[in-house]
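Visitor: Pasting the sequence and the predicted coordinates here, then a few questions.
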Amino acid sequence: MPINANVIGATCQVIYCQFGLAIHQNDHQARRRFVEWAQNEIAVIPDFHKRILFSDEAHFWLNGYVNKQNCRIWSEANPQVNVETPLHPEKLTVWCALWAGGIIGPYFFKKDEGHNVTVNGDRYRAMITNFFIPELDNQDVQELWFQQDGATCHTARATIDLLKDTFCDRLISLFGPVNWPPRSCDLTPLDYFLWGYVKSLVYADKPQTLDQLEDNIRRVIADIRPQMLQKVIENWTFRLDYIRASRGSHMPEIIFKM
């Protein structure tokens with residue numbers, strides 16, 4: 001059965017479902033190891049969870065079709081789920097990094113002439129070099145960790161080496177010093193909060209062009225209050241508790257309430 005993901009605010013409620021995701025045999029063990037590591041770090045440094053930059057990409061379709069990264073259907077076997085996709089999609093591919101101190105981004109992956117492009121290793125590294133690292137100039141990078149999921153463009157050797165140049169061993173990633181457990185969108189604040197929240201608002205005025213949609217995305221993200229981000233990150237620690245108590249199980253609902 002589909003699992004609903006809800007983003008509930010004072011004036012909006014969003015319910016979406018996306019696609020099937022098979023749980024692999026070793027997922028629970030990997031998640032338990034990560035949660036144990038994170039909670040041990042928090043025991044030593046109580047605000048450790050506030051020092052992690054969580055990152056992710058998402059697609060925003062101009063026609064309002066939602067292909068959300070934070071809406072999953074969990075199954076022990078490969079679920080057979082039909083997914084509706086646009087025939088000729090006009091979309092934006094957006095990257096952000098979120099932490100207790102704010103949001104870095106949005107960054108839009110585009111060609112020089114402004115057209116949307118698929119994210120590959122070269123484009124991801126260009127974003128890291130030309131956008132992300134310069135944006136860190138006002139931060140104490142020595143105190144911050146960086147998290148990314150296991151997408152191929154994230155985990156190429158050249159990408160990992162580039163990120164290590166900035167974060168050294170403070171990198172949470174597949175093939176990184178600290179392994180990010182696969183299929184763990186219920187542990188990513190961008191998945192359980194940001195993308196759903198933004199998508200609940202950017203289509204309200206029915207943008208007719210990609211430029212209008214981009215402006216809406218920038219505005220909504222810029223308007224997110226610091227207090228809200230604090231709640232989002234505190235919620236992350238409760239998710240660690242749940243996963244530890246359930247011995248690595250995925251949360252039955254990927255939900256965040258404001």
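Guide: Here it is on my side, so go on.
Visitor: residues near the closest residue to Thr152 other than its chain neighbours, how many?
Guide: The shortest distance from Thr152 to any residue other than its chain neighbours is 7.3 Å, reached at Gly121 (C-beta to C-beta, 6 or more residues apart in numbering). No exception for glycine: its C-beta is placed from N, CA and C like everyone else's. By other C-beta atoms under 10 Å, the residues close to Gly121 number 16.
Visitor: ok, now which ones touch Gly121?
Guide: The contact partners of Gly121, taken as C-beta atoms under 8 Å, 6 or more residues apart in numbering, are Thr152, Cys153, Ala156, Ala158, Thr159.
Visitor: Kindly recompute the last result at 7 Å.
Guide: Residues near Gly121 by C-beta atoms under 7 Å, 6 or more residues apart in numbering: Cys153, Ala156, Ala158, Thr159.
Visitor: from these, which ones fall inside strands?
Guide: Where those are compared with strands, as defined by DSSP state E, there is no overlap at all.
Visitor: out of those residues, which is most surrounded?
Guide: The contacts of Gly121, ranked by neighbours (other C-beta under 10 Å): first place Thr159, 22 neighbours.
Visitor: Surely that residue and Arg125 touch.
Guide: Yes. Applying C-beta atoms under 7 Å, one finds Thr159 in contact with Arg125, separated by 5.6 Å.
Visitor: just the strands in the stretch 151-258 of the chain please.
Guide: Ranges of strands in the stretch 151-258 of the chain, per DSSP state E, counting those that start in this stretch, are 171-172, 256-257.
Visitor: what touches both of Thr159 and Arg125?
Guide: Counting by C-beta under 7 Å, 6+ apart, nothing touches both Thr159 and Arg125.
Visitor: Tell me the spacing between the closest residue to Gly176 other than its chain neighbours and Phe132.
Guide: Leaving aside its sequence neighbours, Gly176 sits nearest to Ile160 (C-beta to C-beta, 6+ apart; 6.0 Å). Distance, Ile160 to Phe132, by C-beta to C-beta, to the nearest Å: 15 Å.
Visitor: Then Arg170?
Guide: Taking C-beta to C-beta as the measure, Arg170 falls 14 Å from Phe132.
Visitor: returning to that earlier point: narrow the contacts of Gly121 to those in helices?
Guide: Members of these lying in helices (criterion: DSSP state H): Cys153, Ala158, Thr159.
Visitor: so where is the chain shaky, pLDDT-wise?
Guide: The chain contains residues with pLDDT under 70 at 1-23, 25, 65-89, 113-114, 253-258.
Visitor: at 80 what do you get?
Guide: Scanning the chain with the threshold set as pLDDT under 80 gives 1-25, 64-89, 112-115, 138-141, 252-258.
Visitor: Can you show me the helices along it?
Guide: Listed in chain order, the helices of the chain (DSSP H) span 27-44, 121-127, 133-135, 152-155, 157-167, 189, 195-199, 210-222, 226-245.
Visitor: Give me whichever of the ones you listed is most buried.
Guide: Neighbour counts (mean count of other C-beta atoms under 10 Å) averaged over each of the helices of the chain peak at helix 195-199, with a mean of 25.
Visitor: any idea how far the closest residue in space to Phe34 that isn't next to it in sequence lies from His250?
Guide: Spatial nearest neighbour of Phe34, excluding adjacent residues (C-beta to C-beta, 6+ apart): Pro181 at 4.7 Å. Separation of Pro181 from His250 (C-beta to C-beta) stands at 10 Å.
Visitor: ok, now how distant is the closest residue to Thr209 other than its chain neighbours from Leu201?
Guide: Of all residues not flanking Thr209 in the chain, Leu62 sits nearest, at 7.4 Å (C-beta to C-beta, 6+ apart). Separation of Leu62 from Leu201 (C-beta to C-beta) stands at 15 Å.
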